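In: Would you be able to build a 3D model of this:
(one chain, ligands or ions: 1)
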Amino acid sequence: MSRIAYVNGQYVPLREAAVHIEDRGYQFADGVYEVFAVLGGKLIGEQGHLDRLGHSLNELHMAWPMGRPAMMVAVKETVRRNHVLNGMVYLQITRGVAPRLHAFPTDAESTLIINAKKLTPPNKETLSEGVEVITIPDIRWQRRDIKSISLLPNVLGNQQAKEAGAYEAWQIDDEGMITEGTLANAWIVTEDGELITRNIGMDILNGITRLTILEAAEAAGIKVTQRAYSKDEALAAREAFLSSSTSHVKAVTRIDGQSIGNGHAGELTLSILDHYMDYIESHGGPRKTDIWK
Ligand code: PDD
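Out: Got it, this is the predicted structure:
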(Lines give C-alpha, C1' and ligand atoms only; values in the text may rest on other atoms or scores of the structure.)
Protein backbone atom coordinates (compact mmCIF):
# COMPACT_ATOMS: atom_id res chain seq x y z
CA MET A 1 0.00 0.00 0.00
CA SER A 2 1.47 3.35 -0.99
CA ARG A 3 1.79 6.09 1.58
CA ILE A 4 -0.13 9.33 1.28
CA ALA A 5 1.08 12.80 2.19
CA TYR A 6 -0.78 16.06 2.60
CA VAL A 7 0.68 19.00 0.64
CA ASN A 8 -1.10 22.36 0.71
CA GLY A 9 -4.65 21.05 0.71
CA GLN A 10 -4.07 17.93 -1.44
CA TYR A 11 -3.60 14.30 -0.48
CA VAL A 12 -1.00 12.86 -2.82
CA PRO A 13 1.04 9.64 -3.05
CA LEU A 14 4.19 10.17 -1.00
CA ARG A 15 6.51 9.56 -3.96
CA GLU A 16 4.82 12.44 -5.81
CA ALA A 17 4.65 14.79 -2.85
CA ALA A 18 6.79 17.87 -3.58
CA VAL A 19 7.19 21.56 -2.96
CA HIS A 20 8.74 24.28 -5.12
CA ILE A 21 12.54 24.72 -5.15
CA GLU A 22 12.06 28.31 -4.01
CA ASP A 23 10.20 27.24 -0.88
CA ARG A 24 11.80 29.16 1.99
CA GLY A 25 11.95 25.97 4.02
CA TYR A 26 14.21 24.47 1.36
CA GLN A 27 16.38 27.56 0.88
CA PHE A 28 16.51 29.13 4.36
CA ALA A 29 15.15 26.47 6.76
CA ASP A 30 12.54 29.18 7.34
CA GLY A 31 9.91 27.04 8.97
CA VAL A 32 8.72 25.08 11.98
CA TYR A 33 7.57 21.54 12.63
CA GLU A 34 5.94 19.15 15.06
CA VAL A 35 6.17 15.40 15.54
CA PHE A 36 3.11 13.80 17.16
CA ALA A 37 3.08 10.26 18.48
CA VAL A 38 0.14 8.06 17.45
CA LEU A 39 -0.67 5.28 19.90
CA GLY A 40 -3.61 2.94 19.52
CA GLY A 41 -4.92 5.19 16.74
CA LYS A 42 -4.91 8.27 18.99
CA LEU A 43 -2.76 11.38 18.71
CA ILE A 44 -0.75 11.97 21.86
CA GLY A 45 -0.48 15.45 23.34
CA GLU A 46 -2.53 17.09 20.61
CA GLN A 47 -3.14 20.29 22.57
CA GLY A 48 0.49 20.53 23.64
CA HIS A 49 1.78 20.15 20.10
CA LEU A 50 -0.66 22.77 18.82
CA ASP A 51 0.23 25.22 21.57
CA ARG A 52 3.95 24.71 21.01
CA LEU A 53 3.44 25.14 17.27
CA GLY A 54 1.64 28.40 18.03
CA HIS A 55 4.66 29.51 20.09
CA SER A 56 7.11 28.60 17.28
CA LEU A 57 5.01 30.39 14.64
CA ASN A 58 4.58 33.41 16.83
CA GLU A 59 8.29 33.74 17.61
CA LEU A 60 9.08 33.60 13.89
CA HIS A 61 6.28 36.03 12.96
CA MET A 62 4.58 33.40 10.85
CA ALA A 63 0.82 33.03 10.47
CA TRP A 64 -1.12 29.80 10.93
CA PRO A 65 -1.73 28.36 7.44
CA MET A 66 -5.35 27.65 8.51
CA GLY A 67 -7.33 27.42 11.72
CA ARG A 68 -6.29 24.81 14.26
CA PRO A 69 -9.47 22.69 13.90
CA ALA A 70 -9.07 22.54 10.09
CA MET A 71 -5.41 21.64 10.47
CA MET A 72 -6.23 18.85 12.90
CA VAL A 73 -8.78 17.48 10.42
CA ALA A 74 -5.93 17.25 7.87
CA VAL A 75 -3.61 15.64 10.45
CA LYS A 76 -6.20 13.00 11.39
CA GLU A 77 -7.12 12.37 7.77
CA THR A 78 -3.42 11.78 6.96
CA VAL A 79 -3.23 9.30 9.85
CA ARG A 80 -6.39 7.58 8.58
CA ARG A 81 -5.28 7.38 4.95
CA ASN A 82 -1.99 5.80 6.00
CA HIS A 83 -3.70 3.32 8.36
CA VAL A 84 -1.40 4.36 11.20
CA LEU A 85 -2.42 2.73 14.45
CA ASN A 86 0.96 3.23 16.08
CA GLY A 87 3.52 5.62 14.72
CA MET A 88 4.07 9.29 14.16
CA VAL A 89 2.84 12.33 12.29
CA TYR A 90 5.27 14.90 10.93
CA LEU A 91 3.84 18.36 10.27
CA GLN A 92 5.83 21.22 8.77
CA ILE A 93 4.95 24.83 8.02
CA THR A 94 7.28 27.09 6.09
CA ARG A 95 7.01 30.74 5.15
CA GLY A 96 6.16 29.68 1.62
CA VAL A 97 7.47 30.10 -1.91
CA ALA A 98 9.11 33.38 -2.94
CA PRO A 99 12.16 34.64 -4.86
CA ARG A 100 15.22 34.10 -2.69
CA LEU A 101 15.60 37.27 -0.61
CA HIS A 102 16.40 37.02 3.08
CA ALA A 103 13.73 39.37 4.43
CA PHE A 104 10.15 38.07 4.65
CA PRO A 105 8.20 38.06 1.39
CA THR A 106 5.11 40.26 1.55
CA ASP A 107 2.73 38.03 -0.35
CA ALA A 108 3.86 34.41 0.11
CA GLU A 109 1.41 31.83 1.42
CA SER A 110 2.82 29.39 3.92
CA THR A 111 3.45 25.79 2.88
CA LEU A 112 1.88 23.05 5.01
CA ILE A 113 2.89 19.44 4.62
CA ILE A 114 1.83 16.47 6.74
CA ASN A 115 3.18 12.98 6.65
CA ALA A 116 2.33 9.93 8.77
CA LYS A 117 4.35 6.79 9.36
CA LYS A 118 3.83 3.48 11.14
CA LEU A 119 6.25 2.58 13.92
CA THR A 120 6.41 -0.41 16.25
CA PRO A 121 4.41 0.50 19.35
CA PRO A 122 6.53 1.23 22.42
CA ASN A 123 6.95 -1.69 24.75
CA LYS A 124 8.43 -1.78 28.18
CA GLU A 125 11.09 -4.34 27.29
CA THR A 126 12.67 -2.39 24.44
CA LEU A 127 12.38 0.94 26.22
CA SER A 128 14.12 -0.42 29.27
CA GLU A 129 16.88 -2.21 27.35
CA GLY A 130 19.09 0.82 27.74
CA VAL A 131 20.94 2.84 25.14
CA GLU A 132 24.25 4.64 25.08
CA VAL A 133 24.68 8.38 24.69
CA ILE A 134 27.76 10.45 23.99
CA THR A 135 28.25 14.08 24.98
CA ILE A 136 29.09 16.85 22.52
CA PRO A 137 29.32 20.65 22.70
CA ASP A 138 26.02 22.42 22.12
CA ILE A 139 26.68 24.53 19.02
CA ARG A 140 23.05 25.43 18.28
CA TRP A 141 21.51 28.91 18.09
CA GLN A 142 20.13 30.64 21.17
CA ARG A 143 16.41 29.97 20.49
CA ARG A 144 16.13 26.24 21.08
CA ASP A 145 12.62 26.74 22.48
CA ILE A 146 11.44 27.19 18.88
CA LYS A 147 10.83 23.93 17.02
CA SER A 148 12.63 25.18 13.94
CA ILE A 149 13.35 22.97 10.93
CA SER A 150 16.89 24.34 11.00
CA LEU A 151 18.44 21.21 12.53
CA LEU A 152 21.97 21.02 11.15
CA PRO A 153 23.74 20.91 14.55
CA ASN A 154 21.27 18.20 15.65
CA VAL A 155 21.90 16.24 12.45
CA LEU A 156 25.69 16.45 12.87
CA GLY A 157 25.47 15.57 16.56
CA ASN A 158 23.20 12.60 15.99
CA GLN A 159 25.45 11.36 13.18
CA GLN A 160 28.42 11.60 15.54
CA ALA A 161 26.47 9.48 18.03
CA LYS A 162 25.67 6.88 15.34
CA GLU A 163 29.32 6.73 14.29
CA ALA A 164 30.28 6.16 17.92
CA GLY A 165 27.79 3.29 18.10
CA ALA A 166 25.52 5.34 20.39
CA TYR A 167 21.83 6.18 20.17
CA GLU A 168 21.95 9.86 20.96
CA ALA A 169 24.25 12.79 21.75
CA TRP A 170 23.62 14.94 24.82
CA GLN A 171 24.69 18.51 24.23
CA ILE A 172 26.73 20.56 26.68
CA ASP A 173 26.54 24.33 26.94
CA ASP A 174 29.44 26.73 27.51
CA GLU A 175 29.06 26.37 31.29
CA GLY A 176 29.55 22.60 31.14
CA MET A 177 25.84 21.92 31.71
CA ILE A 178 23.77 19.42 29.73
CA THR A 179 20.98 21.04 27.73
CA GLU A 180 19.29 18.12 25.94
CA GLY A 181 19.81 15.52 23.22
CA THR A 182 19.69 16.13 19.47
CA LEU A 183 16.15 14.70 19.30
CA ALA A 184 15.06 14.15 22.87
CA ASN A 185 15.14 15.72 26.34
CA ALA A 186 17.66 14.42 28.87
CA TRP A 187 16.99 13.24 32.45
CA ILE A 188 19.15 11.89 35.25
CA VAL A 189 18.74 10.56 38.76
CA THR A 190 21.67 11.86 40.81
CA GLU A 191 23.74 9.90 43.30
CA ASP A 192 21.44 11.35 45.98
CA GLY A 193 18.32 10.12 44.20
CA GLU A 194 17.21 13.48 42.81
CA LEU A 195 15.32 13.22 39.49
CA ILE A 196 16.40 16.15 37.34
CA THR A 197 15.74 17.55 33.91
CA ARG A 198 16.90 20.89 32.54
CA ASN A 199 14.59 23.82 33.30
CA ILE A 200 12.86 25.41 30.33
CA GLY A 201 14.00 28.67 28.84
CA MET A 202 15.56 29.39 25.50
CA ASP A 203 18.23 26.70 26.00
CA ILE A 204 16.05 23.65 25.35
CA LEU A 205 12.95 22.54 23.53
CA ASN A 206 10.17 21.93 26.02
CA GLY A 207 9.17 18.42 24.99
CA ILE A 208 5.57 17.28 25.04
CA THR A 209 6.83 13.98 26.45
CA ARG A 210 8.80 15.98 29.04
CA LEU A 211 5.60 17.78 30.07
CA THR A 212 3.69 14.50 30.23
CA ILE A 213 6.37 12.97 32.45
CA LEU A 214 6.35 16.02 34.76
CA GLU A 215 2.58 15.73 35.22
CA ALA A 216 2.64 11.95 35.55
CA ALA A 217 5.43 12.17 38.14
CA GLU A 218 3.58 14.83 40.11
CA ALA A 219 0.40 12.75 40.11
CA ALA A 220 2.42 9.79 41.39
CA GLY A 221 4.10 11.86 44.13
CA ILE A 222 7.56 11.66 42.52
CA LYS A 223 9.56 14.87 42.94
CA VAL A 224 11.26 16.28 39.86
CA THR A 225 13.75 19.15 39.98
CA GLN A 226 13.99 21.29 36.87
CA ARG A 227 17.50 22.71 36.81
CA ALA A 228 20.73 22.69 34.87
CA TYR A 229 23.06 19.80 35.72
CA SER A 230 26.65 19.22 34.74
CA LYS A 231 28.23 16.54 32.63
CA ASP A 232 30.02 15.35 35.78
CA GLU A 233 26.69 14.92 37.59
CA ALA A 234 25.42 12.94 34.62
CA LEU A 235 28.50 10.72 34.55
CA ALA A 236 28.09 10.03 38.27
CA ALA A 237 24.31 9.55 37.98
CA ARG A 238 22.56 6.52 39.36
CA GLU A 239 20.10 6.44 36.48
CA ALA A 240 19.45 8.28 33.23
CA PHE A 241 16.83 8.34 30.52
CA LEU A 242 15.70 10.38 27.53
CA SER A 243 12.25 11.41 26.35
CA SER A 244 10.59 12.28 23.05
CA SER A 245 7.45 11.59 21.06
CA THR A 246 9.22 8.86 19.10
CA SER A 247 11.50 7.47 21.82
CA HIS A 248 8.97 7.85 24.69
CA VAL A 249 10.86 7.13 27.94
CA LYS A 250 14.06 5.33 27.02
CA ALA A 251 16.61 4.18 29.58
CA VAL A 252 20.17 5.42 29.13
CA THR A 253 22.70 2.99 30.56
CA ARG A 254 25.99 4.40 29.25
CA ILE A 255 27.27 7.96 28.89
CA ASP A 256 30.56 8.50 27.07
CA GLY A 257 31.36 4.82 27.44
CA GLN A 258 30.81 4.85 31.20
CA SER A 259 28.15 2.65 32.80
CA ILE A 260 25.36 4.49 34.59
CA GLY A 261 24.36 2.87 37.87
CA ASN A 262 24.57 -0.89 37.50
CA GLY A 263 24.40 -0.65 33.70
CA HIS A 264 20.71 -1.53 33.59
CA ALA A 265 17.57 0.62 33.47
CA GLY A 266 17.12 2.15 36.92
CA GLU A 267 14.23 1.62 39.32
CA LEU A 268 12.96 5.20 39.10
CA THR A 269 13.29 5.18 35.29
CA LEU A 270 11.11 2.07 35.08
CA SER A 271 8.56 3.59 37.42
CA ILE A 272 8.49 6.82 35.36
CA LEU A 273 7.99 4.72 32.23
CA ASP A 274 4.96 3.02 33.84
CA HIS A 275 3.48 6.29 35.09
CA TYR A 276 4.03 7.92 31.68
CA MET A 277 2.28 5.07 29.84
CA ASP A 278 -0.64 5.15 32.31
CA TYR A 279 -0.88 8.92 32.04
CA ILE A 280 -1.11 8.99 28.26
CA GLU A 281 -3.63 6.19 28.43
CA SER A 282 -5.85 8.15 30.82
CA HIS A 283 -5.16 11.79 29.83
CA GLY A 284 -3.82 11.55 26.26
CA GLY A 285 -0.90 13.89 27.04
CA PRO A 286 -0.06 16.88 29.21
CA ARG A 287 -2.87 19.13 30.41
CA LYS A 288 -0.90 22.27 31.16
CA THR A 289 0.62 23.54 27.92
CA ASP A 290 0.89 27.29 28.13
CA ILE A 291 4.55 28.01 28.91
CA TRP A 292 7.17 27.51 26.23
CA LYS A 293 10.22 29.49 27.31
N1 PDD B 1 12.27 15.63 18.42
N2 PDD B 1 14.53 18.17 22.17
C3 PDD B 1 14.78 18.16 20.85
C4 PDD B 1 15.98 18.88 20.34
C5 PDD B 1 13.89 17.50 19.98
O6 PDD B 1 14.12 17.51 18.66
C7 PDD B 1 12.77 16.81 20.52
C8 PDD B 1 11.78 16.10 19.64
C9 PDD B 1 12.58 16.82 21.91
C10 PDD B 1 11.41 16.13 22.57
O11 PDD B 1 10.19 16.75 22.27
P12 PDD B 1 8.82 15.93 22.25
O13 PDD B 1 8.73 15.24 23.55
O14 PDD B 1 7.78 16.97 22.07
O15 PDD B 1 8.89 14.95 21.11
C16 PDD B 1 13.48 17.52 22.71
C17 PDD B 1 11.37 15.07 17.44
C18 PDD B 1 10.74 13.80 17.88
C19 PDD B 1 12.09 14.97 16.11
O20 PDD B 1 12.75 15.94 15.77
O21 PDD B 1 11.98 13.95 15.41
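In: Assign the closest residue to the ligand within the stretch 1-150 of the chain to helix, strand or coil.
Out: In the stretch 1-150 of the chain, the residue that lies nearest the ligand is residue 35 (4.0 Å; CB to the nearest ligand atom). Using the backbone N, CA and C atoms, a C-beta is placed for each residue, glycine as well. Put simply, residue 35 is strand when judged by DSSP: H, G, I helix; E, B strand; the rest coil.
In: Tally up the residues packed near it, please.
Out: Other residues within reach of residue 35, judged by other CB atoms under 10 Å, total 16.
In: got a list of what the spatially closest residue to it that is not a sequence neighbour touches?
Out: Using CB to CB, 6 or more residues apart in numbering and skipping the chain neighbours, the partner closest in space to residue 35 is residue 245 (5.0 Å). With contact set as CB atoms under 8 Å, 6 or more residues apart in numbering, residue 245 has these partners: 35-37, 44-45, 88, 207-209.
In: go again using 7 Å as the cut-off
Out: Neighbour list for residue 245: 35-37, 44, 88, 208-209 [criterion: CB atoms under 7 Å, 6 or more residues apart in numbering].
In: do the same with residue 112
Out: By CB under 7 Å, 6+ apart, the neighbours of residue 112 are 8, 65, 93.
In: Need the buried ones from those residues selected in PyMOL.
Out: Only the buried entries of these go into this PyMOL selection, using 16 or more other CB atoms under 10 Å:
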select buried, resi 65+93
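In: Which residues does the residue of the stretch 1-150 of the chain closest to the ligand form beta bridges with?
Out: Beta-bridge pairing for residue 35 (DSSP bridges): residue 90.
In: per-domain residue ranges of the protein.
Out: Following automatic domain parsing, the chain resolves into domains at 4-118, 124-287.
In: Tell me which of those domains lies nearest to residue 293.
Out: Of all these, domain 124-287 sits nearest to residue 293, with 4.0 Å by CB to CB.
In: The residue of the stretch 1-150 of the chain closest to the ligand reaches residue 87, doesn't it?
Out: No - taking contacts as CB atoms under 7 Å, residue 35 lies outside contact range of residue 87: 10.5 Å.
In: what residue is smack in the middle of the protein?
Out: residue 244 (4.7 Å; CA atoms, centre = their mean).
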